[in-house]
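J.: Fold the stuff below for me.
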Amino acid sequence: MSNELSWVPDGVNMELPSSARIYDYLLGGGHNFEMDRTLADRLLTVVPARDMARLNRAFLGRCTQFLVDQGIRQFLDLGSGVPTVGNVHEVAQAAAPDSRVVYVDIEPVAVAHSELLLQDNPNAAAIQADLRDPEAILNHPETKRLLDFSQPVALLLVGVLQFIPDDSDPWSVIQRYRDALPAGSYLAFSAFTWDGNREAMTKAVEVFKNTQEPIHPRTRADILRFAEGFDLVEPGLVYTPNWRPETETVHLEDVRHSNLFAAVGRKV
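T.: Numbers count the residues shown, from 1 in each chain. Now for the predicted structure:
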């Protein structure tokens, strides 16, 4: 691991694998450690984790483009992870150069490499924070610099809600963000579910017990509760590859392998 330490920022937990770095590895990135790769390889023996990651990332790209098409120019991306191809600011600013993005992650590696990527981009920033503290994030100087909450904002929680346990009440956390959003804002989210293959996800839960962020898959009904106060756009809450696919045909294998429900809703 000595070669890896040269790019490791202060504050990194070197004792346990990180979900952000595991996701980076599954997507083909290079900002991860041997312990992350080892655990990810264990995960691949119980669930199609690379397909899950790929399909979730593709959903993020499609929903970002959709939001730009709806006139959204402000994005708050919670649990944004380690930068990789198709980041929110890349998609949004390619379509609308005046788009502004604030990335938030608890993982120091994710934030450090986001800051490096964004150093020449005045309309995007990354902050290190726990998404369960909405007030700290909403009042952060970078958030206040880039986002105007008198105008619609897109709140993104893509592939992150499964890391918040029930005893932290993620539903009320989202409500606190929702209360800060003006009418016309959007929520886009995806989350692990039990409903696709409970046996496989049970094994995945066991694997993730050895990480900094254990996972908490949920039923479709519990995931749908995240959208309270938002009107879901078509097609509603569906598996990630079924949300406004770019092609007429969605491969059934992708649907079977996705294991995340996804939706976009508008605050009225």
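J.: Show me the strands in this structure, by range?
T.: Listed in chain order, the strands of the chain (DSSP state E) span 74-78, 100-105, 124-128, 154-158, 186-192, 231-232, 238-239, 260-266.
J.: Tabulate the ones you listed (CSV), appending mean pLDDT.
T.: Output for those, formatted as CSV (pLDDT from 0 to 100):
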stretch, mean pLDDT
strand 74-78, 98
strand 100-105, 97
strand 124-128, 96
strand 154-158, 98
strand 186-192, 98
strand 231-232, 98
strand 238-239, 98
strand 260-266, 98
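J.: Could I get those strands in CSV, plus columns for mean neighbour count?
T.: All C-beta atoms are positioned from the backbone trio N, CA, C, and that covers glycine. Formatted as CSV, these follow (neighbours: other Cβ atoms under 10 Å):
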stretch, mean neighbour count
strand 74-78, 26
strand 100-105, 27
strand 124-128, 21
strand 154-158, 25
strand 186-192, 26
strand 231-232, 13
strand 238-239, 22
strand 260-266, 24
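J.: right, and those - which one's nearest E142?
T.: In terms of Cβ to Cβ, the element of the strands of the chain nearest to E142 is strand 124-128, at 4.1 Å.
J.: Show me how far that closest one is from its chain's centre.
T.: 14 Å (Cα atoms, centre = their mean, to the nearest Å).
J.: Just the residues contacting stretch 112-125, thanks.
T.: Outside stretch 112-125, the residues that touch it by Cβ atoms under 8 Å, 6 or more residues apart in numbering are 9, 31, 80, 82-83, 87, 89, 93, 98-103, 105, 126, 142, 145-146.
J.: List the buried residues for that stretch?
T.: Using 16 or more other Cβ atoms under 10 Å as the test for burial, stretch 112-125 gives 112-115, 117-118, 123-125.
J.: Between the residues you listed, which sits nearest T45?
T.: Nearest to T45 among those, counting by Cβ to Cβ, is H113 at 28.1 Å.
J.: Tabulate the strands of the chain (TSV), appending distance to V250.
T.: Shown next, in TSV, are the strands of the chain (distance: least, Cβ to Cβ, whole Å):
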stretch	distance to V250
strand 74-78	25
strand 100-105	28
strand 124-128	31
strand 154-158	19
strand 186-192	16
strand 231-232	19
strand 238-239	9
strand 260-266	13
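J.: For L138, which of those strands is the nearest?
T.: strand 74-78 (8.4 Å).
J.: tell me, which helix in the chain spans the most residues?
T.: helix 49-69 (DSSP state H).
J.: Show me which residues of it are buried.
T.: Of the residues in helix 49-69, those buried (16+ other Cβ under 10 Å) are 49-68.
J.: average model confidence for it?
T.: The average of the pLDDT scores along helix 49-69 is 97.
J.: Use 7 as the first number for this chain going forward.
T.: All right, first residue 7 from here; so that's helix 55-75.
J.: for that helix, the distance to its chain's centre please.
T.: Using Cα atoms, centre = their mean, the offset of helix 55-75 from its chain centre is 10 Å.
J.: Using PDB, write out every CA atom in it.
T.: Below are the C-alpha coordinates for helix 55-75, written out as PDB (Å, rounded to 0.1, in the frame of the first residue of the first chain):
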ATOM      1  CA  ALA A  55     -22.000  -5.500  -8.100                       C
ATOM      2  CA  ARG A  56     -20.300  -4.100 -11.300                       C
ATOM      3  CA  ASP A  57     -23.600  -4.200 -13.100                       C
ATOM      4  CA  MET A  58     -25.300  -2.500 -10.200                       C
ATOM      5  CA  ALA A  59     -22.700   0.200 -10.200                       C
ATOM      6  CA  ARG A  60     -22.800   0.700 -13.900                       C
ATOM      7  CA  LEU A  61     -26.600   0.900 -14.100                       C
ATOM      8  CA  ASN A  62     -26.800   3.200 -11.200                       C
ATOM      9  CA  ARG A  63     -24.200   5.500 -12.700                       C
ATOM     10  CA  ALA A  64     -26.100   5.500 -16.000                       C
ATOM     11  CA  PHE A  65     -29.200   6.500 -14.100                       C
ATOM     12  CA  LEU A  66     -27.400   9.400 -12.600                       C
ATOM     13  CA  GLY A  67     -26.400  10.600 -16.100                       C
ATOM     14  CA  ARG A  68     -29.900  10.300 -17.500                       C
ATOM     15  CA  CYS A  69     -31.600  12.000 -14.600                       C
ATOM     16  CA  THR A  70     -29.100  14.900 -14.600                       C
ATOM     17  CA  GLN A  71     -29.800  15.400 -18.300                       C
ATOM     18  CA  PHE A  72     -33.500  15.300 -17.600                       C
ATOM     19  CA  LEU A  73     -33.200  17.900 -14.800                       C
ATOM     20  CA  VAL A  74     -31.200  20.200 -17.100                       C
ATOM     21  CA  ASP A  75     -34.000  19.800 -19.700                       C
END
